[in-house]
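> Sequence and computational prediction follow.
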Amino acid sequence: MSIHPTAVVSSKASLGEEVSIGPYAILEDDVVLGDHCRVDAHTVIQGPTRIGAHCHFFPFCSIGFPPQDLKYRGERTELVIGDHNTFREYVTVNRGTTGGGGRTSIGNHNFIMAYSHIAHDCSLGDHVLLANAATLAGHVTVADHATIGAFSGVHQFCRVGVYGFVGGYSVITKDVLPYSKTVSAREAKNYGVNVIGLERRGFSADSIRSIRAAYRVLLKSGLNTSQAVDQLKQELAGHPEVQALIDFIQTSERGIIR
């Protein structure tokens, strides 16, 4: 264990094995830091926050601070972070609210780039990438392997589907479909399947063909969303990726970006 003499670590914080705490870093009460974590200079972590193993917090991160919600009155809520996550400089992550279930959660192997913000009650899966200054408002759900581009903002209660790609400087006010490329200049639009991303992730040619066929029905058939889903059920629902797409659409509360 390496703790710089200028760091401030509460006696009520719990530290795992072989952690590193840099100069002027602060770990407050009710912080649990897993094995082999590194907290660099000037990072502040408030509790209740539970952090898994092998996480790295670069300088000036603010982790586990109270939610930026006018309804918050100091209730006990928490932030839970998994293993092997990287938080670059000036990242901010807030705890949950009682109205949102009381928890902000981040999975494993995520890469959160500088100046990004993860607000209260957000839920991130695994292998998510937030590029510089990406901003998630409260109650946002980001599924596994999704990417959100630099300076993009995601509205409250929106979802970004599995392997979804949001281009830089986008404004997301509805759900981003799985496997899609979604970009906005003024209004967000779906530009079809993120084929290059899926190939890089090891998707088979047959799986990509099925997903592209589903997107032709969704985006180019002239059918409305309900009609398109009915056609997908008839023609392509036997493919697991297409079934995941159907399930995502049918559980959307804010509507989807087409």
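Happy to help now that I have it.
> Check the gap between residue 150 and residue 40 for me.
Shown here: residue 150 relative to residue 40, a distance of 22 Å by Cβ to Cβ, to the nearest Å. Placement of C-beta: from N, CA and C, glycine included.
> Compare the two and say which one has the larger neighbour count.
The residue with more neighbours, out of residue 150 and residue 40, is residue 40; 20 against 17, by other Cβ atoms under 10 Å.
> Residue 46 reaches residue 64, doesn't it?
Yes: under the criterion of Cβ atoms under 8 Å, residue 46 makes contact with residue 64 at 4.3 Å.
> Can you work out which residues contact both of the two?
31, 95 (Cβ atoms under 8 Å, 6 or more residues apart in numbering).
> Looking at these two now, which is surrounded by more residues?
residue 64 (27 against 20).
> Quick check, that one in contact with residue 50.
No: the pair residue 64 / residue 50 is not scored as a contact, 9.3 Å apart, by Cβ under 8 Å.
> Need the overlap of contacts for these two.
What both residue 64 and residue 50 touch, as defined by Cβ under 8 Å, 6+ apart, is the set residue 79.
> can you pull the contacts of the nearest residue in space to residue 255 that is not next to it in sequence?
Of all residues not flanking residue 255 in the chain, residue 174 sits nearest, at 4.6 Å (Cβ to Cβ, 6 or more residues apart in numbering). Applying Cβ under 8 Å, 6+ apart to residue 174 gives the contacts 155, 158, 188, 252, 254-257.
> So of those residues, which two are at opposite extremes in space?
188 and 252 (14.3 Å; Cβ to Cβ).
> gap between residue 179 and residue 8?
Taking Cβ to Cβ, one finds residue 179 at 45 Å from residue 8.
> So those two - more neighbours on which side?
Each of residue 179 and residue 8 has its neighbours counted (other Cβ under 10 Å); residue 179 has more, 28 against 14.
> Residue 246: what's it in contact with?
Contacts of residue 246 were listed using Cβ under 8 Å, 6+ apart, and they are 229, 232-233, 237.
> for residue 161, that is, sorry about that
Counting by Cβ under 8 Å, 6+ apart, residue 161 has contacts 143, 146, 175-180, 245, 248.
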